[in-house]
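Visitor: sequence below, structure please.
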Amino acid sequence: MGTIWPDTLPAAKGSKYTLVADAIRKAIENKSLEVGAKLPPVRELAYKLSITPGTVARAYSILTDEGLLSAEVGRGTFVAPPKKPVLDDVWSRQLYKLEEQDDQHVSLFSPRLPDVGQVSLIRECLAKIAQGDPAMFLNYPTRDAYVGVRKAVLEWLSPLPLGQLGADDIVLTHGGQNGLCVVFQSILSGPKPVVFVEDLSYAGFRRAAELMRAEVVGIRMDKWGIDPMSLDLAARQVPAQAVCVSPEVQNPTGSFSPLERRKEVIEVARKHDLQIIEDDCYRIGEPRAPSYRALAPERGWHVSSISKSLTPALRVGFAIAPVEQAARLRRSAEYGYFGLAQPLAELTRLLLSDPRARQLALDVRRRMSEYVRVAVNTLGAFDLVWDPDVPFLWLRLPSGWRSAAFTRAAERTGVQVRSADEFALRDGRAPNAVRIAVNAHVSLARFEDAMQRLRGLLDNPPEQISV
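Guide: As a prediction, the model looks like this:
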């Protein structure tokens, strides 16, 4: 263990016991600690790291509960043999069986996450809730009742560059889409407000804005996202109140907005007093630049969820207002739906505060990247935009194909993909491109077969172009 442990813990965010547990996990993953290796006694490791024995004992206990370590009375703590892969358990077999009843059809419309153990954890949390305080099932939600879950969310979001942030700044929502709606309710005013979006963008922006009777105006974009000069020109012509962006993972193109581009957008937003709404729901990897809320704390709104990291089934999301505007966001949520149902809020608290949750999110990320690599290996000869940490790929079609014709042809082979038209405004123009989402509910072999079917179409465009 001397080569694994430095004299002190790394200067990273998080509880000390979490840092100790993470270091041991990494050592097991990279084989620095082999199966059967004995860990130092609690007091010895605590002395070496200048922390309390209780901190080390808690880290050991967490890893023992996860099955990574085994404690033997009188002998010590050892690296345990690997557990049977989660993908071989009964639930995952049922999941694959359900998806593969039709041996031809594969839906690549929206990302579908693998079960890497989160189903078992959610069931475990639900069992605890079932035995919980009866008042949870009888009372209206109250803000004070949600202090624990907001703190759990704050810890969950702590690695992100969101600027000054406390538990009271977090508003719980029913997924990211509900988060957008609550933000729009907090921002937009007047009989006909205007919202800017990128020419190709997540359709949920448009739908949420339309619920608020807002006019949606498209802004030209380039490979780095929304174009600041086009945004400035549009803001001169139309008195908009907000601009919607997805800088980490632009949906549907998968592009990324670097720091310099974000600063340019902020300059325009300040010039025209635009609120900036950042949708961070599709990022499953580490953030690559500070959020708009961190860079422009007076006008940056942030929306995220656990739909792409753990599960979309629970419909749990988070909305965060700019500094000094949290009260407006809280009012919108409380007047709209009072808050999450208390059992769901408690489930969120238990799930996100469980030390296994972060590792599960990492396992989801790694598994999704395996599917992305299969797609790249099959379709990489074409104009493909991809990233191992993005749960979809953007494919610009070769000459001879129009996006509508390609999606119809793909569906005839049993593969469903989304046309670029679905991400364009009603009066906008869309390129000949499609978005291919990762479906980890099917096996890698089944997914690869779907990619081969798409490859067959791309290699053989029709002689006559159809629309």
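Visitor: please count neighbours and contacts with C-alpha atoms only from this point.
Guide: Will do.
Visitor: where in the protein is pLDDT low?
Guide: Residue ranges of the chain with pLDDT under 70: 1-14, 83-103, 463-467.
Visitor: looking at it, which residue lies furthest from center?
Guide: In the chain, the residue that sits farthest from the middle, by CA atoms, centre = their mean, is Gly74; the gap is 43.8 Å.
Visitor: tell me which residues in stretch 242-255 are buried?
Guide: Of all the residues in stretch 242-255, those buried under the rule 16 or more other CA atoms under 10 Å are 242-255.
Visitor: specify which member of these is nearest to Asp459.
Guide: Closest to Asp459 out of these is Thr253 (22.1 Å), distances taken as CA to CA.
Visitor: once you drop chain neighbours, what's closest to the closest one?
Guide: Of all residues not flanking Thr253 in the chain, Trp394 sits nearest, at 5.4 Å (CA to CA, 6 or more residues apart in numbering).
Visitor: how is the protein partitioned into domains?
Guide: 16-79, 93-117+359-459, 142-340 (automatic domain parsing).
Visitor: can I get those domains in CSV with distance to Ala127?
Guide: Listed next are the domains of the chain as CSV, based on distance: least, CA to CA, whole Å:
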stretch, distance to Ala127
domain 16-79, 17
domain 93-117+359-459, 16
domain 142-340, 16
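Visitor: nearest to Gln131, of those domains?
Guide: That would be, of those and by CA to CA, domain 142-340, which comes in at 17.6 Å.
Visitor: please enumerate the helices of the stretch 101-250 of the chain.
Guide: In the stretch 101-250 of the chain, the helices defined using DSSP state H, counting those that start in this stretch lie at 118-130, 147-157, 175-187, 203-211, 228-237.
Visitor: in the protein, which helix is the longest?
Guide: Assignment by DSSP state H gives helix 356-379 as the longest helix of the chain.
Visitor: can you state the direction angle for that one and helix 118-130?
Guide: Relative orientation of helix 356-379 and helix 118-130, computed by axes from the mean of the first three to the mean of the last three CA atoms, to 10 degrees: 150 degrees.
Visitor: what about the nearest residue to Val183 once chain neighbours are set aside, how many residues close to it?
Guide: Of all residues not flanking Val183 in the chain, Leu329 sits nearest, at 6.6 Å (CA to CA, 6+ apart). Neighbour count of Leu329, defined by other CA atoms under 10 Å: 24.
Visitor: for Leu329, give me its contacts.
Guide: Residues counted as contacts of Leu329 (CA atoms under 8 Å, 6 or more residues apart in numbering) are Val171, Val182, Val183, Ser186, Ile320, Ala321.
Visitor: check which helix or strand it maps to.
Guide: Assigned by DSSP states H and E, Leu329 falls within helix 326-337.
Visitor: pull the following helix or strand past that helix out as PDB, backbone CA atoms only.
Guide: Downstream of helix 326-337, the next assigned helix or strand under DSSP H and E is helix 342-353. Output in PDB follows, covering the C-alpha atoms of helix 342-353 (Å, rounded to 0.1, in the frame of the first residue of the first chain):
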ATOM      1  CA  GLN A 342     -42.400  13.400  -0.300                       C
ATOM      2  CA  PRO A 343     -41.700   9.700  -1.000                       C
ATOM      3  CA  LEU A 344     -40.000  10.700  -4.200                       C
ATOM      4  CA  ALA A 345     -38.000  13.400  -2.500                       C
ATOM      5  CA  GLU A 346     -36.900  10.900   0.200                       C
ATOM      6  CA  LEU A 347     -36.000   8.400  -2.600                       C
ATOM      7  CA  THR A 348     -33.900  11.100  -4.200                       C
ATOM      8  CA  ARG A 349     -32.100  11.800  -0.900                       C
ATOM      9  CA  LEU A 350     -31.400   8.200  -0.200                       C
ATOM     10  CA  LEU A 351     -30.200   7.500  -3.800                       C
ATOM     11  CA  LEU A 352     -27.900  10.500  -4.200                       C
ATOM     12  CA  SER A 353     -26.400  10.300  -0.700                       C
END
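Visitor: show me what helix 342-353 is packed against.
Guide: The contact analysis (3 or more CA pairs under 8 Å, 6 or more residues apart in numbering; DSSP states H and E) places helix 342-353 against helix 118-130, helix 147-157.
Visitor: now that helix against helix 118-130, angle please.
Guide: Using the same axes, to 10 degrees: helix 342-353 against helix 118-130 is 130 degrees.
Visitor: sorry, back to before: which one of the contacts of Leu329 is nearest to Ala313?
Guide: Of all the contacts of Leu329, Val171 has the smallest distance to Ala313: 18.9 Å, by CA to CA.
Visitor: for Ala326, see how far away that closest one is.
Guide: 8 Å (CA to CA, to the nearest Å).
Visitor: tell me which of these two has more neighbours.
Guide: Using other CA under 10 Å, the more surrounded residue of Val171 and Ala326 is Val171, with 27 against 18.
Visitor: for the residue nearest to that one when sequence neighbours are not counted, which three-state class applies?
Guide: Nearest non-adjacent residue to Val171, counting by CA to CA, 6+ apart: Ala319, 5.2 Å away. Here Ala319 is strand, with the state taken from DSSP: H, G, I helix; E, B strand; the rest coil.
Visitor: burial count for Ala319?
Guide: Neighbourhood size, Ala319 [other CA under 10 Å]: 28.
Visitor: thank you, goodbye.
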